[in-house]
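> Compute the structure for the input listed below.
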Amino acid sequence: MESIKKYDLHKYDHSKLHFELNHAWPYFDKNRAKATKPHRHSFFQVIWFKQSGRHYIDYEVINHPANTVFLINKNQVHHFCSDSVNEGYLFHFNEIFIMKYAPDLLERFSVSLFNEIGGNQVLLPEEESTKLEAITTFILSELESKDFFYNDLVFYHFQTLLLNLERHRKKQVADFELSPDYSLAVAYKKLVIAQLDKFHSIDQYANELNIGSKKLIRVCKKILLDTPANIVKQLKILEAKRMLSNQKVSIKEVGYALGFDQSTYFTKYFKKETGITPKEFQRSIL
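Presented below is the predicted three-dimensional model:
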């Protein structure tokens with residue numbers, strides 16, 4: 001079994017723009033061997049598929065219609081499906097690209113776009129596709145010309161594109177809004193992810209968020225469509241699957257990283273939630 005590769009964008013080189021825009025099909029065709037295998041990135045991705053097809057995200061193949069935009073969060077496992085057309089655009093960017101120009105937008109977009117709540121995709125209406133096509137064409141032109149202030153113009157037009165995606169995601173995802181409840185749900189997910197090596201009670205999580213446990217339960221059910229306890233299980237299992245995909249990491253190490261003192265406890269936990277053992281999962285993705 002091959003380990004899940006993790007790719008970076010201009011790592012340690014702060015002279016770069018930390019933003020890339022490519023035509024999806026030529027990029028996919030050039031990198032087919034890598035792109036069709038599960039992998040993850042230390043940066044954000046926006047993938048706009050102009051035609052219908054399939055895409056693989058976190059162990060699920062998603063069938064999508066034309067003009068679907070996928071919002072791939074950092075460290076999500078995904079790959080391109082070779083039986084799809086894969087025509088469109090591929091945007092890559094690091095946090096520092098946003099922070100250089102508008103630090104407050106990084107947190108905003110992590111809440112509104114790159115949070116994995118309600119799905120990873122946005123379906124563009126025809127008129128919106130035309131608008132975003134024009135913005136994308138302008139960005140491509142600036143990246144090619146590298147004329148005076150091109151980097152600033154690239155950012156501001158890409159910001160416009162993200163804001164348009166935010167607006168359409170708000171219309172398409174149930175209960176999507178930049179509200180206190182929505183922000184709290186995202187904050188809870190971030191808190192759980194940051195402490196996946198711990199087992200806390202719901203009261204402890206609520207205390208860290210400065211709210212009562214009843215409010216946390218209400219918000220999770222409303223926004224995340226599940227209980228806080230089940231969200232913890234889902235995130236632990238997802239991270240376990242990501243780690244188990246790396247042949248160099250033992251089951252014992254995965255269990256320890258997720259807060260289990262003994263690998264047998266982790267194996268029982270994993271099997272209870274997935275129906276198979278960690279070893280069986282590893283074999284299934286050979």
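
> CA atoms for contacts and neighbours, from now on please.
OK.

> Extract the CA atoms of the helix or strand hosting Q234 and return them as PDB.
Here Q234, judged by DSSP states H and E, is contained in helix 228-244. What follows is helix 228-244, C-alpha atoms only, in PDB (Å, rounded to 0.1, in the frame of the first residue of the first chain):
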ATOM      1  CA  PRO A 228     -21.600  16.900  19.600                       C
ATOM      2  CA  ALA A 229     -20.600  13.400  20.700                       C
ATOM      3  CA  ASN A 230     -21.200  12.000  17.200                       C
ATOM      4  CA  ILE A 231     -19.300  14.900  15.700                       C
ATOM      5  CA  VAL A 232     -16.300  13.800  17.800                       C
ATOM      6  CA  LYS A 233     -16.600  10.200  16.600                       C
ATOM      7  CA  GLN A 234     -16.900  11.200  13.000                       C
ATOM      8  CA  LEU A 235     -13.800  13.400  13.100                       C
ATOM      9  CA  LYS A 236     -11.800  10.800  15.000                       C
ATOM     10  CA  ILE A 237     -12.700   8.100  12.500                       C
ATOM     11  CA  LEU A 238     -12.000  10.400   9.500                       C
ATOM     12  CA  GLU A 239      -8.600  11.300  10.800                       C
ATOM     13  CA  ALA A 240      -8.000   7.600  11.600                       C
ATOM     14  CA  LYS A 241      -8.800   6.700   8.000                       C
ATOM     15  CA  ARG A 242      -6.400   9.400   6.800                       C
ATOM     16  CA  MET A 243      -3.600   8.200   9.000                       C
ATOM     17  CA  LEU A 244      -4.200   4.500   8.300                       C
END
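
> Which other helices and strands does the helix or strand just after it contact?
Sequence-wise, the next helix or strand downstream of helix 228-244 (DSSP H and E) is helix 251-257. On a contact count with 3 or more CA pairs under 8 Å, 6 or more residues apart in numbering; DSSP states H and E, helix 251-257 meets helix 228-244, helix 263-274.

> ok, 6 Å please
Secondary-structure packing of helix 251-257 (3 or more CA pairs under 6 Å, 6 or more residues apart in numbering; DSSP states H and E): helix 263-274.

> So which bits of the next helix or strand after the helix it packs on are buried?
Using DSSP H and E, the helix or strand that follows helix 263-274 in sequence is helix 278-284. Across helix 278-284, burial judged by 16 or more other CA atoms under 10 Å covers 278, 281-282.

> What segments of the stretch 101-250 of the chain are strands?
Using DSSP state E, counting those that start in this stretch, the strands assigned to the stretch 101-250 of the chain run over residues 121-123.

> ranges for the helices of it?
Secondary structure of the stretch 101-250 of the chain by DSSP state H, counting those that start in this stretch: the helices cover 103-112, 126-145, 150-172, 180-194, 202-208, 213-219, 228-244.

> quick one: low-confidence parts of the stretch 101-250 of the chain?
118, 174-178, 247 (pLDDT under 70).

> okay, the buried residues of helix 278-284 in TSV with distance to M243 next?
Shown next, in TSV, are these (distance: CA to CA, whole Å):
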residue	distance to M243
P278	10
F281	11
Q282	10
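
> Export those residues as JSON lines, with columns for distance to L124 and pLDDT.
Shown next, in JSON lines, are the buried residues of helix 278-284 (distance: CA to CA, whole Å; pLDDT from 0 to 100):
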{"residue": "P278", "distance to L124": "38", "pLDDT": "92"}
{"residue": "F281", "distance to L124": "36", "pLDDT": "85"}
{"residue": "Q282", "distance to L124": "37", "pLDDT": "82"}
